[in-house]
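>>> what follows is a predicted protein model with its sequence.
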Amino acid sequence: MEENMTSLIMIFGATGDLAKRKLFPSLYRLYEGKRLNKFAVIGVARNAQPNETFQQAVKESVLAALGNKNDLDEFVSHFYYQAHDAADSSSYADLKKFADEIDEHYNLEGNRIFYLAMAPQFFGPIALHLKSDGLTDVKGYKRLIIEKPFGHDLSSAKELNQQIRTAFSEEEIYRIDHYLGKEMVRNIEVIRFANAIFEPLWNNQFISNIQITSSETLGVEERGRYYESSGALRDMLQNHMLQMVALLAMEPPIKLSTDEIRSEKVRVFRSLRMIEGEQVNDYFVRGQYGEGSINGEQVPKYRDEPMVDKESNTETFVAGKIMIDNFRWAGVPFYIRTGKRMAAKSTKIVIQFKDIPINLYYQTEKLNPNLLVIHVQPEEGITLYLNAKKAGGNMDAEEVKLTFANTGANAMNTPEGYEKLLYDCMRGDATNFTHWDEVAYSWAFVDKISEVWQKTKADFPNYASGSMGPKAADDLLEKDGFFWWPVTDLDVEICQ
Ligand code: BG6
């Protein structure tokens with residue numbers, strides 16, 4: 001892998017929320033850690049403003065995220081601003097001229113990263129202009145980082161892909177899924193493939209089911225317009241949730257190269273059982289939040305949020321049973337659920353192992369199954385639930401927990417997801433970005449579900465804000481003889 005940390009980074013959407021909250025602080029962290037060699041950033045957005053105003057905004061975003069830093073002035077001196085009209089060729093000509101000057105000034109070897117952090121309708125047109133107006137005509141590398149959503153369904157994703165492929169090859173496209181920047185999501189592969197005790201058990205002989213929950217307490221906030229055309233299925237399941245499923249289910253790659261890992265993930269996507277037509281109601285549950293209370297505060301229902309239709313049929317919650325029809329996983333349900341305005345902000349993966357054949361410890365009514373819990377956020381770590389002898393005279397069993405918490409001394413230094421992803425892109429490592437094949441298969445899967453949901457009006461709202469979703473999501477597991485392990489108490493209380 002080429003390690004060239006010299007680059008001109010052009011951020012389209014540089015006055016937006018993502019740039020402020022994530023990108024500037026992440027770039028600072030790379031700079032502070034001496035992982036950027038020579039670099040400059042051109043922030044691009046519609047409205048005109050002087051460089052100084054932009055630099056001040058960058059400074060404030062770093063201050064807000066990381067506190068005061070001595071070298072901030074030096075850091076922001078690498079930032080430039082250019083007002084830009086995304087639809088106008090002459091605007092790209094100005095940008096090219098400016099980029100060439102900056103490139104020469106900093107000796108950036110013609111390496112360019114184009115980061116599209118803006119509304120998705122601009123992705124395709126910008127990529128086309130970058131090529132036709134000569135911005136991608138460089139002697140170094142050129143890479144495109146593109147935020148989600150990558151299309152709205154399979155056909156729009158294909159169209160977008162065709163547009164950006166005219167300017168960039170697949171190897172030059174870095175489709176962001178920020179869950180792939182999370183420490184514990186990256187850890188899934190290591191936990192699985194670096195431990196002799198798990199991999200032999202990692203199949204349908206020993207695992208009864210896998211549960212992935214990603215719950216949020218926040219509502220839709222000011223993103224009503226986007227969310228109305230998306231919903232939880234497209235916003236979270238098509239990307240983040242299916243990516244976690246793929247990492248949990250894939251075969252060990254023959255080596256840790258980008259191509260090998262991606263091809264194993266793609267094989268998982270290819271084995272997903274397609275759920276369509278009437279089956280959708282048996283395998284998937286949708287929900288929309290009503291009013292309720294979050295941390296003691298009364299919150300409105302989704303239909304009363306700004307820019308949301310009063311009769312909205314958009315789901316803010318989805319739960320589903322995903323089946324992977326291959327040799328390893330046949331018969332093992334992967335249950336997933338995600339939603340807004342739920343009881344807790346938490347992402348957890350629970351691997352539930354099968355019960356042992358008989359319980360010899362008759363005084364212990366029912367032995368707890370062994371669980372491996374991967375805590376993705378807010379806490380990071382793993383817990384293994386075992387049974388061991390209760391202290392005292394009898395041979396009773398009780399559950400014990402072995403926990404590794406990724407906190408403590410190093411916690412403050414755990415790099416943010418975006419920092420890792422930017423770093424990967426600069427190094428030319430696309431492993432933790434989504435390949436087109438993964439995007440296409442996941443849309444094909446999701447489209448079948450949304451087709452059915454679009455046709456039928458749901459009885460919304462059907463869960464109270466501050467709850468864990470509609471009752472139907474519990475029934476989904478109950479009919480298979482399982483229940484959701486409660487994410488909020490998983491650390492302290494595991495028995496039901
Ligand atoms: C984004 C979704 O991709 O992920 C948001 O668009 C969601 O709606 C967010 O809130 C959740 O990310 P995280 O990192 O807070 O779990």
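Arrived safely.
>>> residues from the chain in reach of the ligand?
Contact residues, the chain versus the ligand (Cβ under 6 Å from any ligand atom): 148, 214, 216, 235, 347. Just so you know, the C-beta spots here come from the backbone N, C-alpha and C atoms, and that holds for glycine as well.
>>> give me the lowest-pLDDT entry from the residues you listed.
Minimum pLDDT across the residues of the chain next to the ligand is recorded for Lys148, with 91.
>>> what's that one in contact with, if anything?
120, 175-177, 239 (Cβ atoms under 8 Å, 6 or more residues apart in numbering).
>>> hmm, back to that, export the residues of the chain next to the ligand to TSV and tack on secondary structure?
Below are the residues of the chain next to the ligand laid out as TSV (DSSP: H, G, I helix; E, B strand; the rest coil):
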residue	secondary structure
Lys148	coil
Ser214	strand
Glu216	coil
Asp235	helix
Thr347	strand
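>>> pLDDT weak spots in the stretch 101-250 of the chain?
Of all residues in the stretch 101-250 of the chain, none has pLDDT under 70.
>>> now the helices for it?
123-132, 154-167, 183-193, 224-228, 231-232, 242-249 (DSSP state H, counting those that start in this stretch).
>>> could you export those helices as JSON lines, including mean neighbour count?
Shown next, in JSON lines, are the helices of the stretch 101-250 of the chain (neighbours: other Cβ atoms under 10 Å):
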{"stretch": "helix 123-132", "mean neighbour count": "19"}
{"stretch": "helix 154-167", "mean neighbour count": "16"}
{"stretch": "helix 183-193", "mean neighbour count": "17"}
{"stretch": "helix 224-228", "mean neighbour count": "17"}
{"stretch": "helix 231-232", "mean neighbour count": "24"}
{"stretch": "helix 242-249", "mean neighbour count": "23"}
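>>> packing partners for the helix or strand encompassing Lys96?
Assessed by DSSP states H and E, Lys96 sits inside helix 89-106. For helix 89-106, the packing partners by 3 or more Cβ pairs under 8 Å, 6 or more residues apart in numbering; DSSP states H and E come out as strand 7-12, strand 39-45, strand 79-83, helix 123-132.
>>> if we go to 7 Å?
If you count contacts as 3 or more Cβ pairs under 7 Å, 6 or more residues apart in numbering; DSSP states H and E, helix 89-106 packs onto strand 7-12, strand 39-45, strand 79-83.
>>> now the angle between strand 7-12 and it, please.
150 degrees (axes from the mean of the first three to the mean of the last three Cα atoms, to 10 degrees).
>>> got the buried residues for helix 89-106?
Within helix 89-106, the residues that count as buried by 16 or more other Cβ atoms under 10 Å are 91-92, 95-96, 98-100, 102-103, 106.
>>> the residues you listed: which two are farthest apart?
Ser91 and Tyr106 (22.6 Å; Cβ to Cβ).
>>> of all of this protein, which residue lies closest to the ligand?
Asp235 (4.7 Å; Cβ to the nearest ligand atom).
>>> identify the residue spatially nearest to that residue, adjacent ones excluded.
Leaving aside its chain neighbours, Asp235 sits nearest to Tyr227 (6.7 Å; criterion: Cβ to Cβ, 6 or more residues apart in numbering).
>>> which residues touch the one you found?
Residues in contact with Tyr227 (Cβ atoms under 7 Å, 6 or more residues apart in numbering) are 220, 235, 314.
>>> how near is it to Asn370?
According to Cβ to Cβ, to the nearest Å, Tyr227 stands 38 Å off from Asn370.
>>> before we move on, what about Pro50?
For Pro50, the distance to Asn370 - Cβ to Cβ - is 61 Å.
>>> all strands of the stretch 201-350 of the chain, in order?
207-215, 284-287, 289-294, 297-299, 317-322, 334-339, 346-353 (DSSP state E, counting those that start in this stretch).
>>> name the helices or strands packed onto the first one?
Meaning strand 207-215. Against strand 207-215 (3+ Cβ pairs under 7 Å, 6+ apart) you get helix 242-249, strand 334-339, strand 346-353.
>>> who's sitting farthest from the centroid in this protein?
Farthest-out residue of the chain from its mean C-alpha position, per Cα atoms, centre = their mean: Gly393, at 49.2 Å.
>>> check that one and give its pLDDT.
As predicted, Gly393 sits at a pLDDT of 75.
>>> would you point out which residue is most central in this protein?
With distances taken as Cα atoms, centre = their mean, Tyr179 lies nearest the centre of the chain, 2.7 Å away.
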